[in-house]
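> prediction below, plus the sequence it came from.
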Amino acid sequence: MKSRRILVFVLLLIATGATLSFGQWRWWLGSYPEVDSTPLDKLAYWLVLVDLESQDDKIKDDLVNRFQHELGRGWSPIGNASQPQSDSTQSLVERNIDELTRHWFYTRSAEFHRLSVNEQIAFLSAQLTAVMSWADIHRQVYARQPSESGEGVNQFALFDQVDQWVMDADIEQQPDLQQSMRCAVLYWLCTEDLLTQDIKMRQELAERLAAAFAGDGVSNGMNLELNLGHQERLQSNAFALVEVWLLSRAVEYVKLPQGEREPYLDIQVGTVMSWELDKVLLQDNPTKASTADSIAQLTKLLGNLTVWADRAPLPHRAAYQLLARELQVYAVKKLLNL
């Protein structure tokens, strides 16, 4: 019996010998080096030769930290995206990237909540750099897998997974995970210039953020120490997102029968008000926001409607101009209680 197992093992070695180098044998046999002592040119072996779901949290912690450090120095574990991979290797790499990214999200969220308020901004800055690297790796990995629909890789696929990871977490962990994710999104909106993104990207981002913050306020539970530059960038981005969000609403609005249009406006204005943008955009303490602040922000948004409508993409410009006019009439009627 023992000799038979040895024979099977030898046959497996011969079968895999064509694809594994001498340096990869120890990995295939389950003899791994310490993560910190793994040579940089072998670091990607952890993705292609090891099932990370079966490894303990200590190894995952070490890998997340090592990968984040090396990614920040320009390293990529993917290599040439055009190189073919076997189906089994591709599947393993996908699972491992998902596992490491999930572990990164859980551990960094826990770390965020252990920090004082004045430490959180610096921490978020470092983690946003990291998440962009993880998202880029995620896109590269899944770009290797042919799409049955023929469509490209979803730019927001990683962030869809983050939403799922929140739901998969223990119920008592979910509020902290949601809050850390909201803080990260808010800080990103304070630092990224969304006007450099194409309109399609902004539209999709606006829809996702609108769904994420629906009925719960953009700043709910957040107390980040934002400076004046952050506030100015946030206001610019908030208006940029509302502009394209209203473009999508205009396309819907013109298709409605006349009798359904005012109820539709009720819903959409209620949605905008639920975001509580006044709390986010106030320069001082957001807890001091009042009804007057909400009206002031809504008035400012309405004041931009004509400009936004006039520069809307030509195929939808007439629809946007119609929505702008009717929103302005709607606002006057509500203010006068007509």
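In hand now; what should we look at? Numbering: from 1, shown residues only.
> so who does the residue nearest to the spatial centre of the chain touch?
Nearest to the mean C-alpha position of the chain, counting by CA atoms, centre = their mean, stands Phe159 at 3.7 Å. Counting by CB atoms under 8 Å, 6 or more residues apart in numbering, Phe159 makes contact with 135, 208. Any C-beta I mention is one placed from the backbone N, CA and C, and that applies to glycine too.
> what helix or strand is it on?
If you go by DSSP states H and E, Phe159 is part of helix 157-168.
> ok, and what's touching the helix or strand following that helix?
Following helix 157-168 in sequence order, the next helix or strand is helix 174-191 (DSSP H and E). Contacting residues not belonging to helix 174-191 are listed as 105-106, 108-110, 112-113, 120-121, 124-125, 127-128, 131, 162, 165-167, 169, 209, 212-213, 218-222, 224, 226, 230-231, 233-234, 237-238, 280 [CB under 8 Å, 6+ apart].
> just the buried residues out of those residues, in PyMOL syntax.
Under the burial definition 16 or more other CB atoms under 10 Å, those of these that qualify are selected in PyMOL by:
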select buried, resi 105+106+108+109+112+120+121+124+127+128+131+162+165+166+169+209+213+218+219+222+224+226+230+231+233+234+237+238+280
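> can you name the residues that contact Val166?
Contact analysis of Val166 by CB under 8 Å, 6+ apart lists 174, 177-178, 181.
> so which of these is the most crowded?
Comparing the contacts of Val166 by number of neighbours (other CB atoms under 10 Å), Leu177 comes first, having 22 neighbours.
> grab the nearest non-local neighbour of that one.
Nearest non-adjacent residue to Leu177, counting by CB to CB, 6 or more residues apart in numbering: Val166, 4.7 Å away.
> again with Ser109
Of all residues not flanking Ser109 in the chain, Ser180 sits nearest, at 4.1 Å (CB to CB, 6+ apart).
> quick one: the one you found from Leu256, how far?
Distance, Ser180 to Leu256, using CB to CB, to the nearest Å: 39 Å.
> look at the two and report which has more neighbours.
Higher neighbour count among Ser180 and Leu256: Ser180, with 23 against 13, using other CB under 10 Å.
> and Leu327, how far is that from Trp165?
Using CB to CB, Leu327 is found at 37 Å from Trp165.
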